[in-house]
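Q: give the three-dimensional model of this entry:
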Amino acid sequence: MTKLKSKTQPNPKTPKKEPVPLSELPKPTLVKPDRSPKGKARVIYWHRTDLRLTDSPALTRALDIQDIEYFWPIWCFDPEYVYRHRVGVNRWNFLLESMNNLSEEYTKLNAKQKLWVVRSRPEFVLRKLVKDWGVTHICWEKDSNAYSKISNVRDEKIFALAEELGIQVIATPGRHLFDPDEVIKQNKGKPTMTLHQWQGVTSKMGEISRPSSTPTSLPDPGPSELQDNHEEDWGKYDGVDLNADVRTGKDTCFDSLAGPSSSPFSVPTMSQLGFPPSTTTINGGTIEGHRRLDLFLSDKEKVAKFSKPHSEPTSLEPSTTLLSPYIKFGCIGIRELWWGCKAVVVEYRKKGGKGETKEPENMFGQLEFRDMYACAEAAVPHFERIRGNSVCKYVAWSLQNQYDDEGNEILPRPRDKDEQAEERFQAWKEGRTGFPWIDACMRQLKHEGWIHHLARHSVACFLTRGQCYISWERGMEVFDEWLIDWDPASNPGNWMWLSCSAFFSQYFRVYGLVSWPQKTDKSGALVRKYCPELKDFPDKYIYSPHLAPQGIQEKAKCIIGKDYPFPILDEHLEKEYCIARLKDAYHLNYHGDHEDVLNGTAEKKLIGIHEENGHTREKIVDGKEDEKKRKRVLDGEGAMDKFVKREKK
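A: You can find the predicted model right below:
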C-alpha cells in the first residue's frame, strides 16, 4: 500500500471552490437514480455522526430495503477529517471509543457483523466497495452541517458516483428535531436567527418524529476481500495538517486501506494516528450515552425543573446532564432525549409535581437552540468566520483570520503584528492569565474536553468583548480542538453570540472575573483543583490572589509573579475600552459580507472612528468620566441567559 504522502501547504494563488449552499444539495430521503437494481440488494450503511443503533431513521430505512442479501455497516476514516480539522486527543479518544462500542453492538445482533472501517476518502473507497463487493445501495443519515460541503462537496460526489455506477442512494435526516434544509425552505431560504423565529417556522411543520425502533437482527455481511491494486493513494492529503502539533508518534493510520492485516477493517487506535493518550474522564460510546440518559430520566423532578442557566459552573462534578458529547457523535438519538423528557414531564404532572422550568431554559429549549444554530449555519456561507459572513457584525478585533489577494485563508495563520494580543491569546489558551477563574476553566477544558456552558460564556466573553478584544475566530479554533462535544454549527454560533457579533447584542453585559464565580462558589473549589498552585489561598483571595498581602502569599507557598502570574490586564479598564469600541462597531453596522470588509478597508475605517470618538486606550486611561456613568458601566455584569427570558416573553 502506498504510504501517506507528505502534507504541504496549498498554492495560495489557487482559488478555493466556494461551498455549495446546503439548500442546493440533495434533499431529505432523496433516492437517486430512480431505476431499481436487479436481483437482491447489497446494502452499505455509511455511519457518520450516528454512532448508535437506537432511534436511527436512516438505519431503519436501510434495513427496510426489500430482499437484502448482504449488509455492511461501514465507517470511512477520511484524511480530510484527520488532517484538515483541529481535533484534540480527547475528542479523538471519544470517537474511537464510540466506534468500537458501536462495532460491539453490531456483533451482539449478528456474530458475523461489526463496524467495517475503511481508511480513505469516501469518494475513493465507496467506488471500490461498489466494484469489489457488488454493492447496490448506499444509505446514510443526512448531514446538513458544513463538513459535508467541504472537499468539493463530499455528499454531492457520492450522488454523482451513484449516478455513474447505477446504484441507489438513500439519505434520510435524523440528526436534528427537524431537517435544517426543510426549515430553511419553509423560512424562504433565510437562516433562523432567534429561537422565536425557529419555533414559528417549525410550528407549521408538524410534530417532532417519535424515536425509530431499534433493530433486533441484522443480515449477514457479504464478501470482505478488497483487491488492492494501489490504484489510489488512499490516505492522500495535500493541505496543511492542522493536528501536526498534537502528534507525538508516527502516523500509520493510512498505510493500508483496510487497516493492519492482523485486524482488518478495525477501528484505528490513538497510536496509529500518532496521538498520545487522552486525559479526559469522559468515556465515549452508545452504552455510556444511554446510561447517562437513563440516569437523567430516572429523576422526574430533575428533568421537570432542569434549568441550564441556573446550573453551577463552579461545581467539581458537572451540574448539567453531560449528554452533549453523546448527542454530538450520535451515540444517543435526539428524539430519544426529546420524547424521553416529554414522557417524564407528563408523569411528573400526573403526580402533582409543580414548578416546571419553561422554555428556553429547560431541556426542550436547549435542544431547540441546537436546531436554531444548525438552520443558521446551513443557510449562511462562511458561518465559521467573519469574512463573507452575512449575519456576523464586523468588529476590528485583533488576531482575525488572514487572507491572500484571492481571498483564500492563509494557513497556518501568520503571527500578527499586535504582539500584545498574541501574548494575551496564548496566556488565555494556556490558562495563565492571572485570573484564576479563567485559568481554571481553560485548564479544565484542555484536560477534560468539557467545561460548563457558563464557564464557556466566561472565557469567551473575556477573550473577545470583555477584556482582550481578540477575534472570536481564535477562541472558536481552540474550542474546535479541545471540546469533545464540538458541534460545527453551535460552536461558531455560540462564539458569535458571546462576542455580540450575532444572535445577541447587549455588549455592555460582561461577566465579572471575580464577582461571577463567587455567586455559586466563594471557596473556589474548581480553581483549587485546576490551579493547584493556588490551593492554599484563603477564600477571600482565591479569585484575586494578586491582592493578597505578601505574608498570605508566603504562607500559601505561592508568590504572585513567580509561582502564578500577575493579571495580564486591568479588568475594568479593558472592559470600558472594549465597550467603547463595540459601540462604534454597532454604529458603523458592517457585516462580514460588506464590500469594505472584503476589500480590507473596514478595519482602517473603524479604527479611525475609534480615534475620532476618543475610544482609544490612551484616552480612556486619561479621561475623567462622570462617576455615575462609570458605575453604571461597571455594574453591567450579568448573565446573558437573562436575555433569552425576555425574548421568550
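Q: point out where the stretch 251-400 of the chain drops to low pLDDT.
A: Within the stretch 251-400 of the chain, not a single segment meets pLDDT under 70.
Q: where along it do the strands fall?
A: Counting by DSSP state E, counting those that start in this stretch, the stretch 251-400 of the chain has no strands at all.
Q: gap between residue 274 and residue 177?
A: Counting by Cβ to Cβ, to the nearest Å, the gap from residue 274 to residue 177 is 38 Å. Every residue, glycine included, has its C-beta placed from N, CA and C.
Q: which one of those two has more residues nearby?
A: Neighbours around residue 274 and residue 177, counted as other Cβ atoms under 10 Å, are more numerous at residue 177. The numbers are 21 against 17.
Q: wait, the more buried one sits on residue 338?
A: Yes: between residue 177 and residue 338 there is a contact under Cβ atoms under 8 Å: 6.5 Å.
Q: now do the shared contacts for these two.
A: Shared contacts of residue 177 and residue 338 (Cβ atoms under 8 Å, 6 or more residues apart in numbering): 208, 367.
Q: check contacts around the closest residue in space to residue 496 that isn't next to it in sequence.
A: Closest residue in space to residue 496, ignoring its immediate chain neighbours: residue 502 at 3.9 Å, by Cβ to Cβ, 6 or more residues apart in numbering. For residue 502, the contacting residues are 193, 391, 392, 393, 493, 496, by Cβ under 8 Å, 6+ apart.
Q: so what's residue 502 scoring on pLDDT?
A: Looking at residue 502, its pLDDT reads 98.
Q: now, which of the contacts of residue 502 sits nearest residue 409?
A: Proximity of the contacts of residue 502 to residue 409 (Cβ to Cβ) peaks at residue 392, which lies at 15.3 Å.
Q: what about the spatially closest residue to the closest one that is not a sequence neighbour, how many neighbours?
A: Using Cβ to Cβ, 6+ apart and skipping the chain neighbours, the partner closest in space to residue 392 is residue 592 (4.4 Å). Residues lying near residue 592 (other Cβ under 10 Å) number 24.
Q: give me the distance between residue 592 and residue 300.
A: The value you get for residue 592 to residue 300, if Cβ to Cβ is used, is 45 Å.
Q: ok, now residue 600?
A: Applying Cβ to Cβ to residue 600 and residue 300 gives a distance of 57 Å.
Q: try residue 106
A: 33 Å.
Q: can I get stretch 386-399 as CSV, trimmed to CA atoms?
A: Output in CSV follows, covering the C-alpha atoms of stretch 386-399 (Å, rounded to 0.1, in the frame of the first residue of the first chain):
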residue,chain,number,x,y,z
ILE,A,386,-16.1,36.8,9.8
ARG,A,387,-15.2,37.4,6.2
GLY,A,388,-18.1,36.8,3.9
ASN,A,389,-20.4,36.0,6.8
SER,A,390,-23.7,38.0,6.2
VAL,A,391,-25.0,37.6,9.8
CYS,A,392,-21.8,38.5,11.6
LYS,A,393,-21.3,42.1,12.7
TYR,A,394,-17.8,43.4,11.7
VAL,A,395,-15.7,44.4,14.7
ALA,A,396,-12.0,45.4,14.3
TRP,A,397,-10.8,42.6,16.6
SER,A,398,-7.2,41.7,17.0
LEU,A,399,-5.9,38.4,15.5
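Q: now it, how far from the chain's geometric center?
A: Stretch 386-399 sits 19 Å away from the centroid of its parent chain (Cα atoms, centre = their mean, to the nearest Å).
Q: check stretch 114-126 too.
A: That offset, for stretch 114-126, works out to 24 Å (Cα atoms, centre = their mean).
Q: start to end distance for that stretch?
A: 18 Å (Cα to Cα, to the nearest Å).
Q: wait, isn't residue 436 in contact with residue 534?
A: Yes: assessed by Cβ under 8 Å, residue 436 is found in contact with residue 534 at 5.8 Å.
Q: identify the contacts common to the two.
A: 524, 527, 542, 545.
Q: give me the buried positions along the biggest helix by length in the chain.
A: Secondary structure of the chain per DSSP state H: the longest helix is helix 89-109. Under the neighbour-count criterion of 16 or more other Cβ atoms under 10 Å, helix 89-109 has 89-103, 105-106 buried.
Q: so residue 359 sits right up against residue 365, yeah?
A: Yes: under the criterion of Cβ under 8 Å, residue 359 makes contact with residue 365 at 3.8 Å.
Q: tell me which of those two has more neighbours.
A: More crowded of residue 359 and residue 365, by other Cβ under 10 Å: residue 365, with 22 against 16.
Q: test my guess that that one contacts residue 195.
A: Yes: Residue 365 lies in contact with residue 195 (Cβ under 8 Å); the separation is 7.0 Å.
Q: for the next helix or strand after the longest helix of the chain, which helices and strands make contact with it?
A: Per DSSP states H and E, the first helix or strand lying C-terminal to helix 89-109 is strand 116-118. For strand 116-118, the packing partners by 3 or more Cβ pairs under 8 Å, 6 or more residues apart in numbering; DSSP states H and E come out as strand 68-76.
Q: for the strand it packs on, which strands pair with it and how are they oriented?
A: strand 41-47 (parallel), strand 116-118 (parallel) (DSSP bridges).
Q: and that strand, what's buried?
A: Buried-residue list, strand 68-76, by 16+ other Cβ under 10 Å: 68, 70, 71, 72, 73, 74, 75, 76.
Q: hang on, the third one packs against residue 221?
A: Yes: the pair residue 71 / residue 221 is scored as a contact, 6.5 Å apart, by Cβ under 8 Å.
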